[in-house]
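Q: Predicted model follows, preceded by the sequence.
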Amino acid sequence: MCRMLGVVFRERPRLDAFRDLQHVAEVGPVPDQGDELPGHRDGWGIASFMAGSPRYVGRSERPMHMDPSYDSALRDVAAIEGPNMAIAHARRGSEGSRSMANTHPFISDGIVFAHNGTVKSFHPQTTRQAKGQTDSERLFMALLDRADEKKAVGEALKSLVREDLRGHEYTAAILMVSDGRALYGYRGYAEERNAWYYALKVSQCEGVVTLFQETVQGYSGDVIEVPNGGLVKVTLDLGVSYERIL
């Protein structure tokens, strides 16, 4: 159970979306919360691209809203030159301990990957070995194998959803994936009663397109909700396209 943010920007990113995510990471409710504290407190990460290659802007196993290094990372985010994109993730672990190895986003082979939801009993045979203990990273390993086959991230993502997830029980597979040329967001959930939590929305404003799940401060501009089974693609020129893939 997590919260994610993906931003594609023409010049420089606006930090209000990242501050909003920080607030959500502190107070955001989760399904079946009971007496547990709200929020997403099991680590955070931000990844962007430099000369087309992915890099971590910041990453920590500490709670985002209590970590001074998040504020330091945002100063580095503010200095990123566009056109570019970034993915940020606040984790509430459902599988795997609180550790750097289990902290999203994951980076490998030029691709950035983040996930919200739990895919149960997901242990695919892949050519790459996961470093952590999460179903999310194992999903990423499967995606990388699909990317080897398809030679295109978008097609690999469709194949992951249609083939690797087929037959597996899951609460949700909300995915954000980027190769630096495009940002992809997929929304898939199985629990209708928790559709509010497994949201994926797109905000289009002048000079920036944002993919987000939850907001405290709100977003201006046109906001569209991606349907269950829907895929959104945002290119560096801020072109946005939608496709139903499941």
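A: Cool, the structure landed.

Q: Show the residue spans covered by the strands in this structure.
A: Applying DSSP state E to the chain gives strands spanning 2-9, 44-50, 53-60, 84-91, 106-108, 111-116, 174-178, 182-187, 201-205, 208-212, 222-225, 230-235, 240-244.

Q: Which elements pack onto the biggest helix by length in the chain?
A: For the chain, the helix with the greatest residue count under DSSP state H is helix 135-150. When contacts are defined as 3 or more C-beta pairs under 8 Å, 6 or more residues apart in numbering; DSSP states H and E, helix 135-150 sits against strand 106-108, strand 111-116, helix 153-159. Using the backbone N, CA and C atoms, a C-beta is placed for each residue, glycine as well.

Q: Just the pLDDT at R187, thanks.
A: R187 is assigned 98 on the pLDDT scale.

Q: mind pulling up the phi and psi values for the nearest residue to it once chain neighbours are set aside?
A: Take R187 and drop its neighbours on the chain: the residue closest to it by C-beta to C-beta, 6 or more residues apart in numbering is L200, 3.9 Å away. Here is the backbone geometry of L200 (degrees, to the nearest 10): phi -150, psi 120.

Q: Help me confirm that L200 comes into contact with V226.
A: Yes - distance between L200 and V226: 4.4 Å, which falls inside the contact criterion (C-beta atoms under 8 Å).

Q: what's the overlap in contacts for those two?
A: Common neighbours of L200 and V226, using C-beta atoms under 8 Å, 6 or more residues apart in numbering, are 185, 187, 232.

Q: Look up which residues are beta-bridged to the first one.
A: Beta-bridge pairing for G185 (DSSP bridges): M176, V232.

Q: State the distance from it to G34.
A: 29 Å (C-beta to C-beta, to the nearest Å).

Q: Send me stretch 237-246 as PDB with only the CA atoms.
A: C-alpha atoms of stretch 237-246 as PDB (Å, rounded to 0.1, in the frame of the first residue of the first chain):
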ATOM      1  CA  ASP A 237       6.500  17.000 -25.300                       C
ATOM      2  CA  LEU A 238       3.700  16.700 -22.800                       C
ATOM      3  CA  GLY A 239       1.500  14.600 -25.200                       C
ATOM      4  CA  VAL A 240      -1.000  12.500 -23.300                       C
ATOM      5  CA  SER A 241      -2.700   9.400 -24.700                       C
ATOM      6  CA  TYR A 242      -5.000   6.800 -23.100                       C
ATOM      7  CA  GLU A 243      -5.600   3.100 -23.800                       C
ATOM      8  CA  ARG A 244      -7.700   0.400 -22.300                       C
ATOM      9  CA  ILE A 245      -5.400  -2.700 -22.100                       C
ATOM     10  CA  LEU A 246      -7.500  -5.000 -19.800                       C
END
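
Q: Buried residues of it, list them for me.
A: Across stretch 237-246, burial judged by 16 or more other C-beta atoms under 10 Å covers 238, 240.

Q: for stretch 76-84, same thing?
A: Buried-residue list, stretch 76-84, by 16+ other C-beta under 10 Å: 77, 80, 82, 84.

Q: ok, now stretch 133-143?
A: Using 16+ other C-beta under 10 Å as the test for burial, stretch 133-143 gives 134-143.
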